[in-house]
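> the sequence and its predicted three-dimensional model are supplied below.
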Amino acid sequence: MRAEILQEFDVVIHDFIKMWSVGGDFGSDDPVKARAEALKRYTRRGGGNLSEDDVVLIQDMITKPFEAKRVRNFKEADEIRSHLYTTYNSNVNDKSREWRVLSDDYVQTKAERGTKELTAEEVSIIESKIVKRATLKNSKSYEDADAIRDELERTYSVLVDDKNKEWKVVSSGRNSKFAAEAARSQSSSYKQKTIEKDVDEEFDLIFNRIKDDVAVAVADATVVADMAPEEEENASSPSHLVSASEEPAPSRDELMTLTVPSLKEKLREAGKPVSGKKAELIDRLLD
């Protein structure tokens with residue numbers, strides 16, 4: 001009967017979302033399109049001195065490498081990413097759907113609900129302590145740097161995310177997404193690499209599934225319409241995700257044995273520019 005309805009009225013029935021459409025276009029209600037649109041949205045993290053016009057331009061440009069990668073046009077994606085890096089000193093992370101200016105400046109993010117509003121004097125004190133802490137870390141005075149970190153949390157309920165260069169007043173202690181990111185940013189390099197590798201493999205699995213789903217939907221809308229609810233649920237089940245093997249991050253000597261194309265592929269996976277000589281590529285991977 002489904003085939004007869006399609007042939008006679010050009011109507012596609014989508015059992016999963018309990019809808020039908022003339023021509024097979026379900027708009028934003030289509031779960032495949034909704035997932036694809038969600039992957040285009042990137043969030044800015046950290047500080048950096050950019051004008052509002054620059055931010056709007058960067059946000060628009062960031063979606064273009066994603067579209068280029070989706071159709072396997074890696075050259076165009078790399079050119080756009082390199083332009084963002086050289087012009088705005090910006091780095092794009094496709095895995096976390098985030099971008100930031102590569103700056104040492106820390107920025108305050110919106111406080112959690114229920115927190116006490118800081119005075120201008122308190123904000124100034126916190127920012128000066130964060131700068132001092134960064135200086136201590138650069139000089140490898142980790143014990144003193146940790147003491148400042150603990151003081152900020154104890155006195156002002158402030159957590160610091162060293163990776164995204166952000167600080168925030170929290171009310172939930174360490175039971176929040178920001179707290180998890182802050183803790184991860186202060187863990188060892190090996191542990192960070194292991195966690196990021198887990199996220200990378202999960203993202204790649206989701207990205208490839210969405211890419212295949214979109215291709216099938218364009219070629220034959222009835223394939224999406226015929227998908228049973230159980231199949232859709234099973235496809236997104238955690239049991240189908242592949243865990244990353246816990247391997248240490250490669251050393252400089254190990255990276256030196258790789259070819260330039262292999263190094264560039266690793267940089268693409270890390271959301272970093274791929275231009276430059278071999279030594280520059282290795283330094284970028286180790287950064």
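Yep, that arrived.

> drop to CA atoms for contacts and neighbour counts, all remaining ones
Fine.

> the bottom helix or strand of the chain by mean pLDDT?
helix 221-225 (a mean of 47; mean pLDDT, DSSP states H and E).

> and stretch 60-78, end to end?
16 Å (Cα to Cα, to the nearest Å).

> what about it, average pLDDT?
On average, the pLDDT along stretch 60-78 is 75.

> swap in stretch 166-184?
84.

> tell me which residues of it are tucked away?
166-171, 178-179, 181-182, 184 (16 or more other Cα atoms under 10 Å).

> with stretch 263-271 instead?
By neighbour count on 16+ other Cα under 10 Å, the buried set for stretch 263-271 is 263-264, 266-268, 270-271.

> what would those look like in TSV with secondary structure and distance to N49?
TSV is the format used below for the buried residues of stretch 263-271 (DSSP: H, G, I helix; E, B strand; the rest coil; distance: Cα to Cα, whole Å):
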residue	secondary structure	distance to N49
L263	helix	31
K264	helix	29
K266	helix	29
L267	helix	25
R268	helix	26
A270	coil	24
G271	coil	21
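
> and which of the residues you listed is nearest to K140?
Ranked by distance to K140 (Cα to Cα), the buried residues of stretch 263-271 are led by A270 at 26.1 Å.

> show me where this protein has helices.
For the chain, the helices defined by DSSP state H occupy 2-9, 31-38, 52-70, 74-88, 120-138, 142-156, 177-185, 189-219, 221-225, 229-235, 252-256, 260-269, 278-286.

> can you list contacts of the third one?
What it means is helix 52-70. 40-42, 74, 76-78, 80-81, 84, 92, 94, 211 (Cα atoms under 8 Å, 6 or more residues apart in numbering).

> flag the shaky bits of the stretch 1-150 of the chain, pLDDT-wise.
14, 16-17, 24, 26-40, 66-71 (pLDDT under 70).

> one more pass at 90, please.
Scanning the stretch 1-150 of the chain for pLDDT under 90 picks out the ranges 1-52, 56-85, 88-105, 110-117.

> now the stretch 151-287 of the chain
Short version for the stretch 151-287 of the chain, where the test is pLDDT under 90: 163-164, 171-287.
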